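> Quick check, what structure comes out for this input:
(one chain, ligands or ions: 2)
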Amino acid sequence: MEDRGSPGIPNGWYAVGWSKDLGVGDVQRIRYFENDMVLFRTRSGVARVLDAYCPHLGAHLAEGGRVQGESVRCPFHGWEYDGKSGECAKIPYCARIPAKARVRAWDVCELNHMIFVWHHAEGKAPSWEVPAATQYGDADWSPVRTFEIEVPVHIQDMAENNLDPVHFEYVHKMSGTPDTEISFEKDGRVLNAVSYSTQETPVGTFDMQLLRETWGLGLGTVESSGIPGVGLFMFTSTSPIDRNTTVSRWALTTTNNSVDIAGEEWMDNITKGVYDDMRIWTNKVHRAEPVFCEADALLVEFRKWAKQFYSPVA
Ligand code: FES
Ligand SMILES: [Fe+2]
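Ligands and ions are numbered 1, 2, ... in the order given. As a prediction, the model looks like this:
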């Protein structure tokens, strides 16, 4: 793999797919955290993730594998692996199952229209839960609009954008640098940022606030407020495929009263914005020891905060 100076894979919850794309009995090949995995939905409707390669002769469980009840069946000789434990539950042609016939079962949860997997470099169990966004399923909010993009950049460099107010002027052509304040919650694990700006919208000019709540380097919410009675919200999950490749998924919704005007504009602007960043991300290296100037205080804070999500290097 090309060395762009990227750090390892941070610990946390990361989306590995959209709920709508995984029907009962579906089996998908996925790759995250530099691991090949199989994602499937059991007959009872639960999403499961196992390591991809069968301990028998090494077939990829997603390449022709089938859901059998709560298990996935290997395409090569039919061994069945339980989605919850990863243990081999059945060998169709042999009564005794070897103790080593098991694959790694990943912790999975499903909410906010996405399926999440917990990654921890030392194999530790989840220490927090994915926050549920109350806007989804609320009758006052519009059906969700989804957006997904894969970017050849380390996840931390993508997340860093959030606390980089200066780049909004240079990359996103905003007039001036927005005032941004930050605060921390949950023992410093959750980072909240709010930026203030005056925005011209189709329904007038308003003093707007852009609130971002960030749960680890992978999960976040973005809320725009300032237009009376209008709500704009999105939940995002950014997931590392490997050290240089990241996929970001966004689920956007607005209050129904504004979906035709402000909502459409906001959704378009926010999804277009990511393409402005693309040329920078695709071509940059990761600077573990950046040269900062005095006015880069927020970037310094971000780097300090980000450190807690990495396991010590072995
Ligand atoms: S390789 Fe999976 S059952 Fe043989
Ligand atoms: Fe950006």
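
> Flag every residue of the protein that's near ligand 2.
Residues of the chain found near ligand 2 (C-beta under 5 Å from the ion) are 161, 277. Heads up, the C-betas are built off the backbone N, CA and C, glycines and all.

> most distant residue from the middle of the chain?
No residue in the chain sits farther from the centre than residue 95, which is 41.5 Å out by C-alpha atoms, centre = their mean.

> Tell me which stretches of the stretch 51-200 of the chain form helices.
155-159, 165-170 (DSSP state H, counting those that start in this stretch).

> re earlier: how much space between the residue farthest from the centre of the chain and residue 69?
19 Å (C-beta to C-beta, to the nearest Å).

> residue closest to the middle of this structure?
The chain has residue 237 as the residue nearest its centroid, 2.4 Å off, counting by C-alpha atoms, centre = their mean.

> Spatially nearest residue to that residue (excluding sequence neighbours)?
Distances taken as C-beta to C-beta, 6 or more residues apart in numbering place residue 15 nearest to residue 237, at 3.5 Å, with adjacent residues excluded.

> quick one: contacts for the residue in the stretch 51-200 of the chain that ligand 2 sits nearest to?
Closest to ligand 2 within the stretch 51-200 of the chain is residue 161: 4.2 Å, counting by C-beta to the ion. Taking C-beta atoms under 8 Å, 6 or more residues apart in numbering, we find residue 161 in contact with 167, 277.

> Need the pLDDT of it.
On the pLDDT scale, residue 161 is placed at 91.

> thinking residue 186 is in contact with residue 129, fair?
No - with contact defined as C-beta atoms under 8 Å, residue 186 does not reach residue 129; the gap is 11.0 Å.

> quick one: which of those two has more around it?
For residue 186 versus residue 129, the count of surrounding residues by other C-beta atoms under 10 Å is larger for residue 129: 12 against 9.

> hang on, isn't that one packed against residue 109?
Yes - Residue 129 lies in contact with residue 109 (C-beta under 8 Å); the separation is 7.3 Å.

> Now do the domain split for this structure, please.
Residue ranges for each domain of the chain read 12-119, 145-309, as given by automatic domain parsing.

> and those, which one is worst for confidence?
In terms of mean pLDDT, the lowest-scoring of the domains of the chain is domain 145-309 (a mean of 91).

> Tell me the backbone dihedrals of residue 272, please.
Dihedral angles of residue 272 (phi, psi; degrees, to the nearest 10) stand at phi -70, psi -30.

> Ok, residue 274 next?
Geometry field for residue 274 lists phi and psi as phi -70, psi -30, criterion degrees, to the nearest 10.

> Surely it touches residue 148?
No - at 10.5 Å, residue 274 does not count as touching residue 148 under the criterion of C-beta under 8 Å.

> Looking at those two now, which is surrounded by more residues?
The residue with more neighbours, out of residue 274 and residue 148, is residue 274; 17 against 13, by other C-beta under 10 Å.

> Return the residues in contact with the more buried one.
When the contact criterion is C-beta under 8 Å, 6+ apart, the partners of residue 274 are 149, 248.

> same deal with residue 166?
Residue 166 makes contacts with 177, 295, as judged by C-beta under 8 Å, 6+ apart.

> again, but for residue 230
Counting by C-beta under 8 Å, 6+ apart, residue 230 touches 203, 254, 255, 257, 258, 262.

> For residue 227, which non-adjacent residue is spatially closest?
Spatial nearest neighbour of residue 227, excluding adjacent residues (C-beta to C-beta, 6+ apart): residue 206 at 5.3 Å.

> Which strand or helix spans the one you found?
Assessed by DSSP states H and E, residue 206 sits inside strand 204-215.

> And the helix or strand following that strand, what's buried?
Per DSSP H and E, the first helix or strand lying C-terminal to strand 204-215 is strand 219-225. Neighbour-count burial for strand 219-225, with 16 or more other C-beta atoms under 10 Å as criterion, is recorded at 219, 220, 221, 222, 223, 224, 225.

> Out of these, which comes closest to ligand 2?
Nearest to ligand 2, judged by C-beta to the ion, of the buried residues of strand 219-225 is residue 222 at 12.1 Å.

> Would you mind listing what in the protein touches ligand 1?
Within the chain, the positions lying close to ligand 1 (C-beta under 6 Å from any ligand atom) are 54, 56, 57, 58, 59, 74, 76, 77, 79.

> which residue packs closest to the second one, ignoring adjacent ones?
To tie it back to what came earlier, the one meant is residue 56. Leaving aside its chain neighbours, residue 56 sits nearest to residue 79 (5.7 Å; criterion: C-beta to C-beta, 6+ apart).
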